[in-house]
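Participant: 3D, please:
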Amino acid sequence: MAPPDRERRALVATAALVVATAASYFWSYHGYGLAVFDEGVLLEGIRSSARGEMDFARFFHYSAMYGLLARLFPSGEPDLEVVRLVWVALRSLTALLILLSARKLVPLAWSLLPVACFLALPGPWHKAVVGLSVALCLHAALRALERNRRRDHCWLAATIAFAFAMHVYTGLLTLAGWAVVVLLLPRAAVGRGRPALERHLAFATTLIAATLLLADFVRQTPWPRLVGQNLGLVGSVAPGSRLFAGQLLAAATTPRAALQLSLYAVVLPAMAAALWLARRHRLTHPRVFAAVACTVALGLANLTKWLVRLDLAHLLQNGTPFWMLLAFLLHHVWDRATVVQAGRPRWHRTLALGLAAAGSLWLAAVLAYGLTSTETFVGGIGTRWRVATVPLAHRGGVLQVEPGVARTLNALERLVGDATAPGEPILVCGSPRILHYLTGRWSPFQLPAFTLPAVYLTNPEALLVDELRSSGTRLVVYDDTPVIPLEEYRLERLAPRLHRVLMTEFELVAEVDGMQVRLRRPDA
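Facilitator: Below is the predicted model of the structure:
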């Protein structure tokens, strides 16, 4: 049943306000909060796609976003400023989708709460397309619940294919989306629709066709290899997750670490509580129960990578369902605390009031944390107002980086420029701190840098050694500080032959901020 005109007008006005606010807010710091290594990967992927050189059998990170963004740069040279403006637009659209989806769970005023959570803690800039794909899938699933038409099922399949294409780790979302359609929609959807079998066939056909159309890496990479490499990647980061969890627990005495730990601890209980609460009111509010169940299902599917890695970036980029469920919980708790019902014990209302107050204070602290955080993986406005930065010009645009980072990168660029000829390939190995494209050179491998251990899932050690020698590479920037600080992830352990080649065939000529600059020996 269509909402009253007044409610529709209020929704349209609120949606316009949300989009304008989000666009202005994200625009105000779109040049700040650089994740040095990850945006290097992004620009290298765009460059390779724009020049028709992308080979996903060699490039370790699967995503169709490189090809889509490459359409903006026909010259083959990406501009980070343009990419950041695209991220602003995608983040603003994500905020709108969160509002429209949350409106199906809670009243309009409460639907602004998950939007505020997203604005405060949006996640890293380079994951904006992932956040959009999650919000898009969720909105499509909730729309299919309401209308239960064939075209709504087809649209849901298309959004799931888009999510898979943008970030292969959301591949489990495909399975979750199918489960939601097959198991939940026929039982929970309202109104008449076409026969279930016809809808499922339309869903499956659209899902397969859209995946093959959007996910160019699927067309390039054999499925067994694609699945095997990603299972191997998950396995490779699991030990790091245990390390990060131990570090977080050890540092939980500081307020910020304790708050982050509490955020981790609330995720799964909040989903379970929302599902339980919606199930209690299933008979009186069947649409709400179906929407909550759908949100929980898609939320769990999207949080699978975070559950493996336990890092904040992967929680926030997939956080849309979680923020919506928090709003649903707080709305119902406050409702029980403020509405007097005959026959209800007084202590029930007192308990609800205490829970509502505690939950609101905790969420206010989380919002404050997001707004003041200087971490690039939180992606909030604190990266502009609370971090001293200097402009750094390079071939991909002007970056705002910390002074120490600028000094390091400028020093490396001078050393590389003095030691090599223009256009000569160099190798950046093992350091996430280097914007390797600053030098205007490219690795002999189709990688922006060695990323340990992911690179070895797609490039055997013997191939790396042979290509390093055959390419005539004379200079290596080397740092054996692994992203996951465990001894088994050091290059010496992961690829002893490659490490031996770097140590014996290249001599140390300089060191900048712990990173070694090595030149090939004349007799090598």
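Participant: C-terminal to the worst-scoring helix or strand of the chain on mean pLDDT, what's the next element?
Facilitator: The helix or strand of the chain with the lowest confidence, counting by mean pLDDT, DSSP states H and E, is helix 455-458 at a mean of 48. The C-terminal neighbour of helix 455-458 among helices and strands, as given by DSSP states H and E, is helix 461-470.
Participant: CA atoms only for the helix or strand following that following helix - export them in CSV, please.
Facilitator: On the C-terminal side of helix 461-470, the nearest following helix or strand under DSSP H and E is strand 475-478. C-alpha atoms of strand 475-478 as CSV (Å, rounded to 0.1, in the frame of the first residue of the first chain):
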residue,chain,number,x,y,z
LEU,A,475,67.1,-1.0,-9.1
VAL,A,476,65.0,-2.5,-6.2
VAL,A,477,63.4,-0.6,-3.4
TYR,A,478,63.2,-3.3,-0.7
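Participant: next one: the following helix or strand past strand 475-478 to chain centre, how far?
Facilitator: Next helix or strand after strand 475-478 toward the C-terminus (DSSP H and E): helix 491-494. With CA atoms, centre = their mean, to the nearest Å as the basis, helix 491-494 stands 28 Å off its chain's centre.
Participant: low-confidence ranges in the stretch 51-200 of the chain?
Facilitator: Applying pLDDT under 70 to the stretch 51-200 of the chain picks out residues 57-60, 168-195.
Participant: show me the strands in it, by range?
Facilitator: For the stretch 51-200 of the chain, no strands are identified by DSSP state E, counting those that start in this stretch.
Participant: ditto for the stretch 301-450 of the chain
Facilitator: Using DSSP E, counting those that start in this stretch, strands in the stretch 301-450 of the chain cover 390-394, 397-401, 426-429.
Participant: of all those strands, which one is nearest Val266?
Facilitator: Closest approach to Val266 among those (CB to CB): strand 397-401, 32.9 Å. Any C-beta I mention is one placed from the backbone N, CA and C, and that applies to glycine too.
Participant: which elements pack onto that closest one?
Facilitator: Counting contacts by 3 or more CB pairs under 8 Å, 6 or more residues apart in numbering; DSSP states H and E, strand 397-401 is packed against helix 80-102, strand 390-394.
Participant: how about these in CSV, adding mean neighbour count and distance to Arg349?
Facilitator: Shown next, in CSV, are these (neighbours: other CB atoms under 10 Å; distance: least, CB to CB, whole Å):
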stretch, mean neighbour count, distance to Arg349
helix 80-102, 22, 26
strand 390-394, 14, 56
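Participant: of these, which is nearest Ala313?
Facilitator: Once these are compared by CB to CB, helix 80-102 is nearest, at 14.5 Å.
Participant: in JSON lines, list the strands of the stretch 301-450 of the chain along with distance to Arg199 and mean pLDDT.
Facilitator: As requested, the strands of the stretch 301-450 of the chain are exported to JSON lines (distance: least, CB to CB, whole Å; pLDDT from 0 to 100):
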{"stretch": "strand 390-394", "distance to Arg199": "51", "mean pLDDT": "80"}
{"stretch": "strand 397-401", "distance to Arg199": "46", "mean pLDDT": "78"}
{"stretch": "strand 426-429", "distance to Arg199": "50", "mean pLDDT": "76"}
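Participant: mind putting those strands in CSV, distance to Val378 included?
Facilitator: Putting these into CSV (distance: least, CB to CB, whole Å) gives the following:
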stretch, distance to Val378
strand 390-394, 21
strand 397-401, 16
strand 426-429, 26
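Participant: for His348, see how far away the closest residue in space to Leu519 that isn't next to it in sequence is.
Facilitator: Nearest-residue entry for Leu519: Val509, 5.1 Å, with adjacent residues in sequence omitted and distances by CB to CB, 6 or more residues apart in numbering. Separation of Val509 from His348 (CB to CB, to the nearest Å): 73 Å.
Participant: over to Thr211?
Facilitator: Taken as CB to CB, the span from Thr211 to His348 is 49 Å.
Participant: tell me which of these two has more neighbours.
Facilitator: Under the criterion of other CB atoms under 10 Å, the comparison of Thr211 against His348 puts Thr211 first, with 21 against 12.
Participant: once you drop chain neighbours, what's closest to the more buried one?
Facilitator: Here the residue nearest Thr211, using CB to CB, 6+ apart, is Ala161, at 4.3 Å.
Participant: which residues touch that neighbour?
Facilitator: Thr174, Thr206, Leu207, Ala210, Thr211, Leu213, Leu214, Ala215 (CB atoms under 8 Å, 6 or more residues apart in numbering).
Participant: tabulate these (TSV), appending secondary structure.
Facilitator: Converted to TSV, these look like this (DSSP: H, G, I helix; E, B strand; the rest coil):
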residue	secondary structure
Thr174	helix
Thr206	helix
Leu207	helix
Ala210	helix
Thr211	helix
Leu213	helix
Leu214	helix
Ala215	coil
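Participant: now, which of those sits nearest Val333?
Facilitator: Of all the contacts of Ala161, Val333 sits closest to Thr174, with 34.0 Å by CB to CB.
Participant: show me where the stretch 1-150 of the chain has its helices.
Facilitator: 5-27, 36-50, 65-70, 80-102, 108-120, 128-147, 150-166 (DSSP state H, counting those that start in this stretch).
Participant: quick one: closest of those helices to Leu303.
Facilitator: Once the helices of the stretch 1-150 of the chain are compared by CB to CB, helix 128-147 is nearest, at 9.8 Å.
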